[in-house]
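Participant: sequence-free structure coming up:
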């Protein structure tokens, strides 16, 4: 048996981090460094680096926030797990499946860590699906809608300085590349209307962030950054 600890292969490596070292690990993670490379280059144990890079271990991270969008025939059912930190939205996990039956939805949601522990806010258009997932033991509720709720949600998303997407969230990354506004065919002007495609993950994000949308942010940013390797 090989032990990885003070008397194993990682002996001599730090397992207690100061704030400066923690910030260094976060920066290297944003550059795409793996935990193995961080361990080798800056002599911090992989386990410790993983904790430093995880929002779950920091009191300065707000969340997690869970949002769900329901699939219709060819559309996917989506669940996102998100955090807010330092004016950035971090999308850490996704569950995504096209043609997911209602009875299979709890199993799909279980692939996202913590989805049974925290409130999930979901599209209110499918009350029967929400009821089924509730009976399966999830803390799920319908996200309220109002006139201009989509626009208000997009305003919130644009208010973050950056949106950081974990590389395992491949469908979220794809939608981030394709999500766009309509343009005028004659002038090429960007119109205020969103194209109703490539928006299932974004809809889930809006539902999950509903409590923040009600604050009506006023600062517009709009950068999307991917990937950030958390683990």
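Facilitator: Here it is on my side, so go on. Keep in mind that this is a model prediction, so the values were computed, not measured.

Participant: Going along the chain, name the strands of this structure.
Facilitator: Counting by DSSP state E, the chain forms strands over residues 62-69, 76-85, 88-98, 120-123, 140-143, 162-165, 181-183, 190-194, 223-225, given from the N-terminal end onward.

Participant: could I get the ones you listed as TSV with mean pLDDT?
Facilitator: What follows is these, written out as TSV (pLDDT from 0 to 100):
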stretch	mean pLDDT
strand 62-69	95
strand 76-85	95
strand 88-98	94
strand 120-123	97
strand 140-143	96
strand 162-165	89
strand 181-183	57
strand 190-194	56
strand 223-225	47
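
Participant: With distance to residue 26 as added columns, please give those in JSON lines.
Facilitator: Backbone N, C-alpha and C define where each C-beta goes, glycine included. Formatted as JSON lines, the entries for the strands of the chain read as follows, by distance: least, CB to CB, whole Å:
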{"stretch": "strand 62-69", "distance to residue 26": "16"}
{"stretch": "strand 76-85", "distance to residue 26": "10"}
{"stretch": "strand 88-98", "distance to residue 26": "11"}
{"stretch": "strand 120-123", "distance to residue 26": "27"}
{"stretch": "strand 140-143", "distance to residue 26": "31"}
{"stretch": "strand 162-165", "distance to residue 26": "10"}
{"stretch": "strand 181-183", "distance to residue 26": "32"}
{"stretch": "strand 190-194", "distance to residue 26": "32"}
{"stretch": "strand 223-225", "distance to residue 26": "13"}
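
Participant: As a markdown table, these with mean neighbour count and distance to residue 209 would be great.
Facilitator: Converted to a markdown table, those look like this (neighbours: other CB atoms under 10 Å; distance: least, CB to CB, whole Å):
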| stretch | mean neighbour count | distance to residue 209 |
| --- | --- | --- |
| strand 62-69 | 23 | 6 |
| strand 76-85 | 24 | 7 |
| strand 88-98 | 21 | 8 |
| strand 120-123 | 25 | 8 |
| strand 140-143 | 20 | 10 |
| strand 162-165 | 22 | 11 |
| strand 181-183 | 13 | 20 |
| strand 190-194 | 11 | 16 |
| strand 223-225 | 14 | 15 |
